[in-house]
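> Prediction below, plus the sequence it came from.
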Amino acid sequence: MALTDVLEDDPEAIASVIEHTDVDPTATEAEVRTLCREVTDYGFRAAVVVPYHAPLAADLLDGRADVVAVIGFPYGVQNTEAKLAEARPLLDHADEFDMVMNRTAFANGDDDLVVRDVRAVKEAIGDRPLKCIIESPDLTPEEIRRAARLVADGGTDFVKTAVGYDGPTDPSHIEVMRDAVGPDVGLKASGGIGTFADAREMVAAGATRIGASASVEIYESIP
């Protein structure tokens with residue numbers, strides 16, 4: 001059954017695809033503790049944190065929800081070796097990884113490097129899901145299509161829209177991404193999603209995960 005159909009019958013099921021997020025560079029331990037408590041209280045799928053906080057989140061959640069660590073964040077300009085060095089120590093703490101594609105290589109038409117960068121990280125993390133952020137609000141529809149295909153060619157498990165710094169995600173971004181990668185690659189919508197209506201619109205467009213810092217507000221706005 002499609003997620004849109006599930007939400008028709010059980011809107012609260014939205015919690016199962018929400019990744020509750022705090023990737024503020026000044027996030028405190030107390031704020032991460034609150035984040036993880038909300039994850040378990042509301043039944044969200046995961047907590048998304050910066051690498052520094054991944055050990056704490058893993059200890060707090062203790063397998064009750066996933067820990068997602070961001071790497072190459074927020075602009076993806078790091079070289080592959082730097083991303084690998086960032087990811088490997090997190091293998092003891094993170095269940096999934098959200099990685100920013102090399103946006104500089106993409107902007108310069110170096111498609112081979114974009115693919116190799118994703119492939120190297122995916123090989124390093126093994127069976128753990130990888131979501132690759134293409135920063136769709138900064139791209140044209142054709143660029144979104146190209147970026148989604150490239151990171152899918154690199155083996156990402158999900159294409160993710162944005163880190164949330166360059167403007168909100170539009171549902172049309174999801175539609176283009178889905179058309180580009182087909183039905184077998186996951187799509188994560190992130191950036192400017194603040195209500196249940198927003199989240200539902202993303203799901204209707206083809207998203208299979210939702211990333212949000214306003215997860216509690218999303219849940220509490222369920223009609």
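Arrived safely.
> And the strands in this structure?
Applying DSSP state E to the chain gives strands spanning 18-22, 46-49, 66-71, 96-100, 130-133, 158-160, 186-190, 209-212.
> Near residue 189, how many other residues are there?
Look at residue 189: counted by other CB atoms under 10 Å, it has 31 neighbours. C-betas here are computed from N, CA, C, even on glycine.
> ugh, typo on my part, it should be residue 109
For residue 109, using other CB under 10 Å, the count is 10.
> pLDDT wise, what is it at?
Residue 109 is assigned a predicted lDDT (pLDDT) of 98.
> Can you list phi and psi of it for me?
Backbone torsions of residue 109, given as degrees, to the nearest 10, read phi 70, psi 20.
> by contact count, what packs against the lowest-mean-pLDDT helix or strand in the chain?
The helix or strand of the chain with the poorest confidence is helix 3-9; it has a mean of 87 (mean pLDDT, DSSP states H and E). Here helix 3-9 touches helix 196-205, going by 3 or more CB pairs under 8 Å, 6 or more residues apart in numbering; DSSP states H and E.
> Kindly provide the whole-number mean pLDDT of the helix it packs on.
97.
> Show me which parts of that helix are buried, residue by residue.
196, 198-203, 205 (16 or more other CB atoms under 10 Å).
> thinking again about what came up before, buried stuff in the least confident helix or strand of the chain?
In helix 3-9, counting by 16+ other CB under 10 Å, buried: 3, 7.
> which residues touch it?
Contacts with helix 3-9, where a contact means CB atoms under 8 Å, 6 or more residues apart in numbering, come from 13-14, 17, 200, 203-204, 208.
> Identify the bridge partners of residue 46.
Beta-bridge partners recorded for residue 46 (DSSP bridges): residue 19, residue 66.
> circling back: redo the buried residues of helix 196-205 as a markdown table? Include distance to residue 65.
Listed next are the buried residues of helix 196-205 as a markdown table, based on distance: CB to CB, whole Å:
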| residue | distance to residue 65 |
| --- | --- |
| 196 | 20 |
| 198 | 22 |
| 199 | 18 |
| 200 | 22 |
| 201 | 24 |
| 202 | 20 |
| 203 | 20 |
| 205 | 25 |
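> Thanks again, I'm all set now.
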